[in-house]
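> What would the 3D arrangement of this be:
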Amino acid sequence: MRLSVLGCAGSVGGPDAACSGYLLSVEGERPVLIDCGPGVLSELQREVDPVDVDVVLSHLHADHCLDIPAMLVWRRYAPRPATDRARLYGPPGTALRIGAASAEIPGDVDDISDTFDCQEWKDGVEVAIAGMSITPYRVNHPPETYGLRITGPGGQVIAYSGDTAMCDEVVDVADGADIFLCEATWTHAPDERPPNLHLSGYEAGQIATKAGVRSLALTHLAPWFDAETILAEARSTFAGPVDLVRPGQVFDLVP
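You can find the predicted model right below:
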């Protein structure tokens, strides 16, 4: 199972960094895109024809989903248009959210069912897709948001926090994972940031320690914070390997 980082900037795009987008692939299976924020479609083209991917969304904030309307254009009008519907998993309201964003006239909602088969997450209910299983867990972030626990064909586990503040559920997502892809949007100044919104590097390390993960990969860093400070925070609370995720990075997980 391979995880390729297409974009990892938090809340907004950064210099040379698209917003959230991660490509999962298993040999012989259709690739799966986790989140599709602004700039991700451009990076996806380096890896695979966008017609040939399914998509799963952690939540419906713009920085995680608003390149889907551009993917609709690709699937409908590229020289090799889609001949089937891609699977699109997300929170309740996904079809409405994407349809409103892609409509040609303000106030209208585009019917995206010609190109996407939309399915809604159910908290804790496993979904089989592309040789993997994905279990969504509702986490602490507005709007309705899911961390994703992805298990590969050989039992490898990638945990993706989605966007979240501290909560027990994100520990469940990460439990014993080989790689914990965890947001760390803030530096650790609890009195200087909104509550119940995002994690600091310090908190990401705490969760990784509590969950007993093998390695921690920090992502969704906001461009206005110093990444090295966030990395140092995580290393102060987690003794295992810690990476700062970067565009183009690849993680290969073998059984």
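> what pLDDT does L221 get?
The per-residue pLDDT reported for L221 equals 95.
> element containing R235, please.
Secondary structure from DSSP states H and E places R235 in helix 227-237.
> Pull out the buried residues from that helix.
A227, I230, L231, E233, A234, R235, T237 (16 or more other C-beta atoms under 10 Å). C-beta: built from backbone N, CA, C; applies to glycine.
> what sits against the first one?
Applying C-beta atoms under 8 Å, 6 or more residues apart in numbering, we find A227 in contact with L221, L244.
> And it, what's its pLDDT?
At A227, pLDDT is 95.
> oh, and call the first residue 32 from now on, that's how I've got it
In the new count, where the first residue is 32, that last one comes out as A258.
> quick one: it and Q280, what's the gap?
Distance from A258 to Q280, counting by C-beta to C-beta, to the nearest Å: 14 Å.
> Please name the residues that touch H251.
Taking C-beta under 8 Å, 6+ apart, we find H251 in contact with C39, A40, G41, S42, S51, D194, E214, A215, T216, H229.
> can you rerun that using 10 Å?
Neighbouring residues of H251 by C-beta atoms under 10 Å, 6 or more residues apart in numbering: 38-42, 50-51, 66, 68, 94-95, 192-195, 212-216, 229-230, 235, 276.
> Select from those residues every entry located in helices.
Mapping the contacts of H251 onto helices (DSSP state H) picks out D94, H95, A235.
> now the second one, nearest residue through space, not along the chain?
When you say that, I think you mean H95. Sequence neighbours aside, D66 is the residue nearest to H95 in space, at 4.5 Å (criterion: C-beta to C-beta, 6 or more residues apart in numbering).
> Can you get me a residue count around the one you found?
Number of residues near D66 (other C-beta atoms under 10 Å) recorded here: 29.
> From F211, how far off is T125?
Counting by C-beta to C-beta - T125 and F211 are separated by 25 Å.
> Which of the two has more residues huddled nearby?
F211 (29 against 23).
> For beta bridges, what are the partners of that one?
Beta-bridge pairing for F211 (DSSP bridges): A190, L247.
> Could you check how far it is from L34?
The gap separating F211 from L34 is 12 Å, by C-beta to C-beta.
> wait, doesn't G193 sit right on L212?
Yes: using C-beta atoms under 10 Å, G193 is in contact with L212, at 9.5 Å.
> which residues do the two both contact?
S51, I65, G178, L179, H251.
> Now do the SS call for the fourth one.
Which is L179. Classification of L179 using DSSP: H, G, I helix; E, B strand; the rest coil returns strand.
> what number of residues lie near P110?
Neighbour number of P110 under other C-beta under 10 Å is 4.
> SS state for it?
Recorded secondary structure, P110: coil (three-state DSSP).
> now the one 10 residues further on
Of the three states, Y120 takes strand under three-state DSSP.
> Tell me what it is bridged to.
The partner residues for Y120, given DSSP bridges, come to V87, Q150.
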